[in-house]
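A.B. asks: got a sequence here, can you model it:
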Amino acid sequence: MATHPLAPDILSKLGTQFEKDVFEAGLLSLDQLTNPLRLNHFATTLRELSRIVLLRLAPDAEIKACTWYSQAQGQPDITRHQRITYAVQAGLLDPFVTNTLQLDVAKMRKELLDSIKELSKFTHIGPAVFGVSGVQLDMTVTESLEAFLAFLEMVQECRDSVENAVQDHAQQALHDELLSKTVDELDQLATHYQVEDTQVETVNVTVMDATRIEFSVSGYVECQFQYGSGADVRNDDGVVTYDNYPLTCEFSADIVTPLQVVVKPQTLKIDNESFYT
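C.D. replies: Residues are numbered from 1 along each chain as shown. Below is the predicted model of the structure:
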């Protein structure tokens, strides 16, 4: 059982060595075939691992700083429902996640909460849950692992979806930045330069918390370079060429309006080394 088919995928998505060690220990307990408490031990371990991962991904202060956070009367300061929500989408609002990113966080959240609830049945030992084996054990283990994996996958899918959603907006913001400001790395290459186009190739979310999103971007800029004055060019004493150069940049956005990205000051870097080689 310690080589359960879902184990490699879960291990690859856990964030710390401690989490991986706890997960593997939980699976090892299932291999104790003569131990009538093996499902109970597994259930307790996976339930605790869920708590450990959620605490890492969703700190209390960050959850309470989210626009969507509120404490319902008679409820704890932070519910497990809210902790799962933050772990997946941070401060992003539900309409953006549902309508723009097209993610069904509610379904995943329900499946994980149902799984944790099911695991809880086996953490308090009594005659009804002692010595469980066979089909019930296999079904409980697999369904619990499937729900836990779906949660971990949704965390990554949300960030991937944000990256995809923001790409065109980042490209336009980058283009506007290059048009509005003189870039030393380009200005030093010719008498005059003109930005023709920009292309964003990769967007990576580097920060997504209660109040902001930050992205790192890589791509390239296509430029027209003019050597000599306009009169020189008209008289064939100047020349116009075209070239492109790699660039990197960082963007930020308010978590409530994640598509309104702006270039972070002094982060735009253009690699013009190929011009000199």
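A.B. asks: give me the distance between the residue sitting nearest the centre point of the chain and Thr206.
C.D. replies: Centroid-nearest residue in the chain: Arg159, 2.9 Å away (criterion: CA atoms, centre = their mean). Using CB to CB, to the nearest Å, Arg159 is found at 10 Å from Thr206. Using the backbone N, CA and C atoms, a C-beta is placed for each residue, glycine as well.
A.B. asks: also Arg212?
C.D. replies: For Arg212, the distance to Thr206 - CB to CB - is 11 Å.
A.B. asks: among these two, which residue is more densely surrounded?
C.D. replies: Arg212 (15 against 11; other CB atoms under 10 Å).
A.B. asks: which residues touch the more buried one?
C.D. replies: Residues near Arg212 by CB atoms under 8 Å, 6 or more residues apart in numbering: Ser252, Ala253, Asp254, Ile255.
A.B. asks: next: Leu57.
C.D. replies: So Leu57 contacts Gly15, Tyr86, Ala87, Val155 (CB under 8 Å, 6+ apart).
A.B. asks: in the chain, where is pLDDT below threshold?
C.D. replies: 1-2 (pLDDT under 70).
A.B. asks: most remote residue from the middle of it, which is it?
C.D. replies: Max radial position in the chain (CA atoms, centre = their mean) goes to Asn235, at 55.0 Å.
A.B. asks: and the helices in the protein, which stretches?
C.D. replies: Ranges of helices in the chain, per DSSP state H, are 7-13, 17-30, 38-57, 60-64, 80-89, 94-95, 105-123, 134-180, 184-187, 230-234.
A.B. asks: hey, which of those is tucked in deepest?
C.D. replies: Stretch with highest mean neighbour count among the helices of the chain: helix 80-89 (a mean of 22; mean count of other CB atoms under 10 Å).
A.B. asks: now that one against helix 38-57, angle please.
C.D. replies: 60 degrees (axes from the mean of the first three to the mean of the last three CA atoms, to 10 degrees).
A.B. asks: contacts for helix 80-89, please.
C.D. replies: Counting by CB under 8 Å, 6+ apart, 53-55, 57-58, 62-63, 66, 68-69, 97, 103, 105, 108-109, 112-113, 116, 151, 154-155, 158, 210 sit against helix 80-89.
A.B. asks: picking up where we left off before, dump the helices of the chain to CSV, plus distance to Val217.
C.D. replies: Output for the helices of the chain, formatted as CSV (distance: least, CB to CB, whole Å):
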stretch, distance to Val217
helix 7-13, 25
helix 17-30, 30
helix 38-57, 24
helix 60-64, 24
helix 80-89, 21
helix 94-95, 25
helix 105-123, 26
helix 134-180, 6
helix 184-187, 16
helix 230-234, 33
